[in-house]
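Trainee: sequence and predicted model, in that order:
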Protein chains: 2
Amino acid sequence: MVSIELDILAKNNAYAAANRAYFDRHGILALNLVSSPGSGKTTLLVETLKRLGGRMPLAVIEGDQQTSNDADRIRATGVPAIQINTGKGCHLDGRMVGHALESLAPAGGSVLFIENVGNLVCPAAFDLGEAHKVVILSVTEGEDKPLKYPDMFAAADLMILAKTDLLPHLDLDVAAAMANARKVNPRIKALKVSARTGEGLDAWISWIEAARTMATTGA
Amino acid sequence: MVSIELDILAKNNAYAAANRAYFDRHGILALNLVSSPGSGKTTLLVETLKRLGGRMPLAVIEGDQQTSNDADRIRATGVPAIQINTGKGCHLDGRMVGHALESLAPAGGSVLFIENVGNLVCPAAFDLGEAHKVVILSVTEGEDKPLKYPDMFAAADLMILAKTDLLPHLDLDVAAAMANARKVNPRIKALKVSARTGEGLDAWISWIEAARTMATTGA
């Protein structure tokens, strides 16, 4: 089974490399948003698109087992979006994203958000060609999650601690959540964000703009 | 790839059948608890064990990628527990549970709770030999989740809508969450539960007792 797994990952890596070359060629910053189901990825993304709209071209790829609910929500903001339904599949892969790029054709200089299937395990292993994985952890999920799902937090460059407006109603130890993330990934950055109150959105937008500058510098 | 997948599932089913025969032989009710990470499975389980303790023998198998936090929490209630760490793996399988049973050796007539890896996708396809899958959906995750992760809700016999104490702080449409679950599984039962306030725990305990009666009747 190990050799089959390595074969699958090797094939995926080839597709991811092609995507990455495409992003480099067109000065596109691709961010792979990963999390548990229901962490608030889409709500955060809608607020993010509203703030970035008009300042730079934007595009979205949505991954879900079923439904096109999320792409519908994105398109309502005026940003082009493609929904990928993975069916039995538990994550997006490089090939799916490559196909989506053919029809989505994001403008040069775009920020492309790829919202992965809600799953804190499987998407960690599959490179999509993105510049960064961003892991969203809802404050309702508990401070132990980075230790229990270490691959995902090790693979991410940024952790967004989301739904912070709910903190007064919870027992979450925020400092412990941050410390646990750093235990599995000493280089991970962390932001506290509430899409509902707007807390932390400015810092998140600044992070995206800086990442875009880096992605398009020397590309 | 399809034939490899079928081969894996066939092998798993053989292990699951052996587990199921073991449960039947010993009059054990096995429940497979599945959900997203951070839905509150372990907290609910701890409260459940406190209520069932002394009335029937209990045992727990805990699945996580890493850490033995959950088994430690269970053992603090006095109930025997075994932790399975799946490493890169995204779900428990029949073989892992079979191995755990060898050392756990639950007493005849036990209720055995198997807390799967937090993942709303992959555990749906893997039978562990359980009598029922119970899917826990936190109210913070949104009413659309049954439609977006239909395999899991189709595989479960009971949906627990958990953390209902948070409902006053959320926009969740409870009726829509229930209706969406029934869309993918018309036979699914649903309970609203808060481990914090105790709401719905009596109904959940009654459901377990009835399932245990059914599992041991005619076994």
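Mentor: Yes, it's here.

Trainee: strands along chain A, start to end?
Mentor: Per DSSP state E, chain A carries strands over the ranges A:29-35, A:58-64, A:81-85, A:111-115, A:132-138, A:158-162, A:189-192.

Trainee: so which of these comes closest to chain B?
Mentor: Minimum separation from chain B across the strands of chain A (Cβ to the nearest Cβ) falls at strand A:58-64, 4.9 Å. Any C-beta I mention is one placed from the backbone N, CA and C, and that applies to glycine too.

Trainee: list the neighbouring strands of the closest one plus their orientation.
Mentor: strand A:81-85 (parallel), strand A:111-115 (parallel) (DSSP bridges).

Trainee: how far out from the middle of the chain is it?
Mentor: A distance of 10 Å separates the centroid of the chain from that of strand A:58-64, by Cα atoms, centre = their mean, to the nearest Å.

Trainee: for that strand, which outside residues touch it?
Mentor: If you take Cβ atoms under 8 Å, 6 or more residues apart in numbering or on different chains as the criterion, strand A:58-64 is touched by A:42, A:45, A:49, A:52, A:68, A:70-71, A:74, A:79-86, A:91-92, A:96-97, A:100-101, A:104, A:106-107, A:110-118, B:148.

Trainee: what about the closest residue in space to residue A:155 that isn't next to it in sequence, distance to residue B:162?
Mentor: Ranked by Cβ to Cβ, 6 or more residues apart in numbering or on different chains and with sequence neighbours excluded, the top spatial neighbour of residue A:155 is residue A:124, at 4.7 Å. Per Cβ to Cβ, to the nearest Å, residue A:124 is found 25 Å from residue B:162.

Trainee: between those two, which one's more packed in?
Mentor: residue B:162 (27 against 24; other Cβ atoms under 10 Å in any protein chain shown).

Trainee: which residues touch that one?
Mentor: Residue B:162 touches B:35, B:39-40, B:44, B:136-139, B:193-195, counting by Cβ under 8 Å, 6+ apart.

Trainee: determine which two of those residues are furthest apart.
Mentor: B:35 and B:194 (15.2 Å; Cβ to Cβ).

Trainee: which one's more surrounded, those two?
Mentor: The neighbour comparison of residue B:35 against residue B:194 (other Cβ under 10 Å) goes to residue B:35, with 30 against 21.

Trainee: my guess is the more buried one meets residue B:136, correct?
Mentor: Yes: at 3.9 Å, residue B:35 counts as touching residue B:136 under the criterion of Cβ atoms under 8 Å.

Trainee: the residue nearest the centre of chain A and residue A:41, how far apart?
Mentor: Per Cα atoms, centre = their mean, the C-alpha nearest to the average position across chain A is that of residue A:33, at 0.9 Å. Here the criterion is Cβ to Cβ. By it, residue A:33 lies 5 Å from residue A:41.

Trainee: what do those two both touch?
Mentor: Counting by Cβ under 8 Å, 6+ apart, the common neighbours of residue A:33 and residue A:41 are A:115, A:136.

Trainee: residue contacts, residue A:96?
Mentor: A:63, A:84, A:86.

Trainee: for stretch A:45-60, measure first residue to last.
Mentor: Its first and final residues considered, stretch A:45-60 spans 9 Å by Cα to Cα, to the nearest Å.

Trainee: from the middle of its chain, how far away would that stretch be?
Mentor: Distance of stretch A:45-60 from its chain centroid, counting by Cα atoms, centre = their mean, is 14 Å.

Trainee: circling back to that earlier point, going through the contacts of strand A:58-64, which ones are buried?
Mentor: Buried subset of these (neighbour count, 16 or more other Cβ atoms under 10 Å in any protein chain shown): A:42, A:45, A:49, A:52, A:68, A:70-71, A:74, A:79-86, A:91-92, A:96-97, A:100-101, A:104, A:106, A:110-118, B:148.

Trainee: return the subset of those residues lying in helices.
Mentor: Mapping these onto helices (DSSP state H) picks out A:42, A:45, A:49, A:52, A:70-71, A:74, A:96-97, A:100-101, A:104, B:148.

Trainee: so the residue nearest to the centre of chain A versus residue A:152, what's the distance?
Mentor: 12 Å.

Trainee: overlap in contacts of these two?
Mentor: Counting by Cβ under 8 Å, 6+ apart, the residues touching both residue A:33 and residue A:152 are residue A:133.

Trainee: for residue A:136, what are its contacts?
Mentor: Contacts of residue A:136 (Cβ under 8 Å, 6+ apart): A:33-35, A:39-41, A:44, A:159-160, A:162.

Trainee: same check on residue A:83?
Mentor: Residue A:83 makes contact with A:62-64, A:67-68, A:70-71, according to Cβ under 8 Å, 6+ apart.
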